[in-house]
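Peer 1: Sequence first, predicted coordinates after that:
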Number of protein chains: 4
Amino acid sequence: MVAARDPEGRRRAIIEAAGQLIAEVGVGKLTHRLVAERAGVPLGSTTYYFSSLEDLIDETIAYVGEQFLQAMRSLSEGIACSDDVAASLAELIAGQMRCVKQPVLMVEMYLAATHRPELRPIARRWFEEMVDLLSARISRPAALAITVYVDGVMIQAMLHDEPPLGQEALADSLRALLTLR
Amino acid sequence: MVAARDPEGRRRAIIEAAGQLIAEVGVGKLTHRLVAERAGVPLGSTTYYFSSLEDLIDETIAYVGEQFLQAMRSLSEGIACSDDVAASLAELIAGQMRCVKQPVLMVEMYLAATHRPELRPIARRWFEEMVDLLSARISRPAALAITVYVDGVMIQAMLHDEPPLGQEALADSLRALLTLR
Amino acid sequence: MVAARDPEGRRRAIIEAAGQLIAEVGVGKLTHRLVAERAGVPLGSTTYYFSSLEDLIDETIAYVGEQFLQAMRSLSEGIACSDDVAASLAELIAGQMRCVKQPVLMVEMYLAATHRPELRPIARRWFEEMVDLLSARISRPAALAITVYVDGVMIQAMLHDEPPLGQEALADSLRALLTLR
Amino acid sequence: MVAARDPEGRRRAIIEAAGQLIAEVGVGKLTHRLVAERAGVPLGSTTYYFSSLEDLIDETIAYVGEQFLQAMRSLSEGIACSDDVAASLAELIAGQMRCVKQPVLMVEMYLAATHRPELRPIARRWFEEMVDLLSARISRPAALAITVYVDGVMIQAMLHDEPPLGQEALADSLRALLTLR
DNA sequence: TATGAATGAGTCTTCATTCAT
DNA sequence: GATGAATGAAGACTCATTCAT
């Protein structure tokens, strides 16, 4: 339950609840009532703070993308000073996949962007920033290939409780892709 | 407009309409009305042939997965006798991505499987058959990595009208992954 | 499953199925499909033999009333030569209440007659014939009171798996009512 | 037309409209639309206040049973100090039967309870309270028999605009049953 | 400012009924 | 004559959104 008289806190709580729920039930099944209940705010708040459900979804998606990017950014610093880039990356990625919700949310974001062109910039930006981030240490073609690969890993993570690709195998794949120039 | 008194034709027409629409608007926005209109059948037919919307979605997803697999199977025969496996694969994949609907449908299928566990077997089967298919010619680790990678390519294809990764670059990545033992 | 090419048999089978189902689920929940399945006839038969569902219900109700009356008539002969009329009647009534379906059907019939005046004659006729039947042996006021009482017994039978009024008590009540002149 | 912003009033209005309509058309033909129109509230209100039609029916039935019981209770006080119990009772009962809706509603309640076991307690409670009420003045066997008899009277009242059993005859029957020990 | 009561558009679904075969 | 495929009208129900308070 978020305190009333804390507009920012409420917005945030609503968006976070929406994020959780999108991961659980999918964008298509998100409703105001569901969000309000999860966020512990009155029903009215969800329409008071967001002009429509679509608006709430958009903001949630933007927020989620940003979150994921932040996580990547802060974690990538560790890679910078690592001498086994592939192993460090594999660890980082495996870490992000630990909780299924992350990849599900990302894929929901991708799909939402596909169906609603106005959301595409957000999804693309995620892709580009990821490539840029990696490019700092590795060749651009490798960065591109790895970013693509990571999206594939997300899908696998969504479907399998235990990833079919262990962290070891993941590192091997990355190592292979790192040879790209 | 599908002829009346042609049960099989109608079922098929409805499923195909549903497939198209899922690719266009997403599973979450699929409605009987939308499907009926697209398929050119009366509203009642959609419930006459499928006991519920969920049932229709399930059958559509199974159908789509099977379609994709068939395509892969028939195309993969070409690879068998190729001497540049990576190039052939890249061509095959790029071909499948030509029409955006294919990858979108696949990803919708993945997401649906995430939210509705009873669909997981279908999604997993796709993954496994793909790996098996590739394993005929290449090492299993490479087959796994490539299958994962292809999922990543799908997501990129969904987001970009022009794939950010040309067929050339795709072939290079595959070549790199093919080195895995 | 009733043989095709036996119109009378089918009509009968459909009506009997309808009777059973009305007792089980109520007139309001009767559907063609339900009846067809129970009767073991194709769906089309239910509309082929009866011009509408309402028509089927009407005929079923008439049939049920007639059945009940027949049962009463044939059984009442036994009473004629009995020297303890009340005891014989109590036995007869208790026998009819043994299977809950009988009273439920009767009450559904009464209620249908209430909501659809065209059915009233059937229900009233049942009442009158019952009174006449009893009048043969007992005074008219007693016959009237007992007929009314029997309807009350039906309602009790519907609600209680074990009738709250044993056959003994029932006989006592009847005996009391038989004193009426 | 019931004022908006008066939740209690609305609930009540909806339940009362449902009660009237059940008496008129039967439980099986009750629809949200019918209730909304009769109650003078928008369609949405009927689902806003009651989670389902079944729920509305249940509450209506409980309400009706309670109403009838209340009426009986308050009226029965008059009997307590009467010296001709049978005559007083007959008057009371005849009064309740004056408006056909009362008995119809009661019988619909009985039937609903038959088809939906969760409603049985309500129907049984009515029976038991009635017996208890009468037992205060008369022997239990008589109370039981009279309660049963009253149910029969209800059915007669439903079917005949003019009761076939005048208040006089009714009193006679009750008098006969009162002799039970 | 904030809320939750209220509404009606739109959904899935059922089913009586029709009618081609 | 008989059937079961087909349809659309109508019902229950959900929920985004509005708005009085």
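Peer 2: Received the coordinates, thanks. This structure is a prediction, so every number in the text was calculated from the model and none was measured.

Peer 1: Give the buried residues for the longest helix belonging to chain A.
Peer 2: Assignment by DSSP state H gives helix A:53-80 as the longest helix of chain A. By neighbour count on 16 or more other C-beta atoms under 10 Å in any protein chain shown, the buried set for helix A:53-80 is A:56-65, A:68, A:72, A:75-76, A:79. All C-beta spots, glycine's among them, are computed from the backbone N, C-alpha and C.

Peer 1: One more: stretch A:83-103?
Peer 2: For stretch A:83-103, a neighbour-count test (16+ other C-beta under 10 Å) marks A:85-94, A:96-97, A:100, A:102-103 as buried.

Peer 1: Just the ones in strands from the residues you listed, please.
Peer 2: Judged by DSSP state E, the buried residues of stretch A:83-103 include no members of strands.

Peer 1: which one of those residues is nearest DNA strand F?
Peer 2: Distance to DNA strand F across the buried residues of stretch A:83-103 (C-beta to the nearest atom of the strand) is lowest for residue A:100, with 23.3 Å.

Peer 1: ok, that closest one - contacts?
Peer 2: A:23, A:157-158, A:161, B:114 (C-beta atoms under 8 Å, 6 or more residues apart in numbering or on different chains).

Peer 1: repeat for residue A:118
Peer 2: Shown in contact with residue A:118 (C-beta under 8 Å, 6+ apart): residue A:58.

Peer 1: So chain A: which segments form each domain?
Peer 2: Following automatic domain parsing, chain A resolves into domains at A:1-50, A:65-178.

Peer 1: close enough to count as contact, residue A:153 and residue B:147?
Peer 2: No: here residue A:153 does not reach residue B:147: they are 11.1 Å apart, not a contact under C-beta atoms under 8 Å.

Peer 1: Write out the residues of chain A neighbouring DNA strand E.
Peer 2: For chain A, the contact set with DNA strand E under C-beta under 7 Å from any atom of the strand comprises A:4-5, A:7, A:10, A:41-45, A:47-48.

Peer 1: so where is chain A shaky, pLDDT-wise?
Peer 2: Scanning chain A for pLDDT under 70 picks out A:1, A:3-4.

Peer 1: quick one: the helices in it?
Peer 2: All helices of chain A, identified by DSSP H, fall at A:7-25, A:32-39, A:43-48, A:53-80, A:85-97, A:101-115, A:120-135, A:140-159, A:167-178.

Peer 1: Which of the residues in the third one are classified as buried?
Peer 2: By neighbour count, and taking 16+ other C-beta under 10 Å as the criterion, the buried residues in helix A:43-48 are A:45-46.

Peer 1: Kindly report the same for the last one.
Peer 2: Neighbour counts over helix A:167-178 (16+ other C-beta under 10 Å) mark A:169-178 as buried.

Peer 1: between that helix and helix A:140-159, how big is the angle?
Peer 2: 150 degrees (axes from the mean of the first three to the mean of the last three C-alpha atoms, to 10 degrees).

Peer 1: Helix A:167-178 vs chain B: in contact?
Peer 2: Yes: with C-beta under 8 Å from any C-beta of the partner chain as the criterion, chain B is reached by helix A:167-178 at A:169, A:172-173, A:176-177.

Peer 1: what do you get for the first one?
Peer 2: Yes: in terms of C-beta under 8 Å from any C-beta, part of helix A:7-25 sits within range of chain B, namely A:24-25.

Peer 1: Could you identify the most distant pair in the buried residues of stretch A:83-103?
Peer 2: Greatest spacing in the buried residues of stretch A:83-103, by C-beta to C-beta: A:85 and A:100 (26.2 Å).

Peer 1: What sits closest to the residue in chain A that chain B sits nearest to if chain neighbours are left out?
Peer 2: Nearest residue of chain A to chain B: residue A:28, at 1.4 Å (C-beta to the nearest C-beta). Closest residue in space to residue A:28, ignoring its immediate chain neighbours: residue B:28 at 1.4 Å, by C-beta to C-beta, 6 or more residues apart in numbering or on different chains.

Peer 1: Surely the one you found and residue A:29 touch.
Peer 2: Yes: using C-beta under 8 Å, residue B:28 is in contact with residue A:29, at 6.4 Å.

Peer 1: Contacts only, for residue A:79.
Peer 2: A:85, A:88-89, A:92, A:137.

Peer 1: of all these, which comes closest to DNA strand E?
Peer 2: Once C-beta to the nearest atom of the strand is applied, the member of these that ends up nearest DNA strand E is residue A:92, at 39.2 Å.

Peer 1: Which residues are in contact with that closest one?
Peer 2: For residue A:92, the contact set (C-beta under 8 Å, 6+ apart) comprises A:72, A:75-76, A:78-79.

Peer 1: Mind doing that once more with 6 Å?
Peer 2: Residues counted as contacts of residue A:92 (C-beta atoms under 6 Å, 6 or more residues apart in numbering or on different chains) are residue A:75.

Peer 1: excluding its backbone neighbours, what's nearest residue A:75?
Peer 2: residue A:92 (4.9 Å).

Peer 1: Please disregard the earlier target; I meant residue A:95.
Peer 2: Distances taken as C-beta to C-beta, 6+ apart put residue A:75 closest to residue A:95, at 7.5 Å, once the chain neighbours are dropped.

Peer 1: Relative to residue A:68, how far out is that neighbour?
Peer 2: From residue A:75 across to residue A:68, the span is 11 Å (C-beta to C-beta, to the nearest Å).

Peer 1: And residue A:82, by the same measure?
Peer 2: Relative to residue A:68, and taking C-beta to C-beta, residue A:82 is found at 21 Å.

Peer 1: before we move on, what about residue A:10?
Peer 2: As judged by C-beta to C-beta, residue A:10 and residue A:68 stand 23 Å apart.

Peer 1: same thing with residue A:32?
Peer 2: From residue A:32 across to residue A:68, the span is 25 Å (C-beta to C-beta).

Peer 1: Residue A:23 now?
Peer 2: With distances taken as C-beta to C-beta, residue A:23 is found 12 Å from residue A:68.

Peer 1: do the same with residue A:14
Peer 2: Residue A:14 is 19 Å from residue A:68, where distance means C-beta to C-beta.

Peer 1: For the nearest residue to residue A:141 once chain neighbours are set aside, which residues are in contact?
Peer 2: Among residues not flanking residue A:141 along the chain, residue A:180 sits closest, at 4.3 Å (C-beta to C-beta, 6+ apart). Counting by C-beta under 6 Å, 6+ apart, residue A:180 touches A:141-142, A:145, B:172, B:176.

Peer 1: Now with 7 Å, please.
Peer 2: Counting by C-beta atoms under 7 Å, 6 or more residues apart in numbering or on different chains, residue A:180 makes contact with A:139, A:141-142, A:145, B:172-173, B:176.

Peer 1: I'm done for today, thanks for sticking with me.
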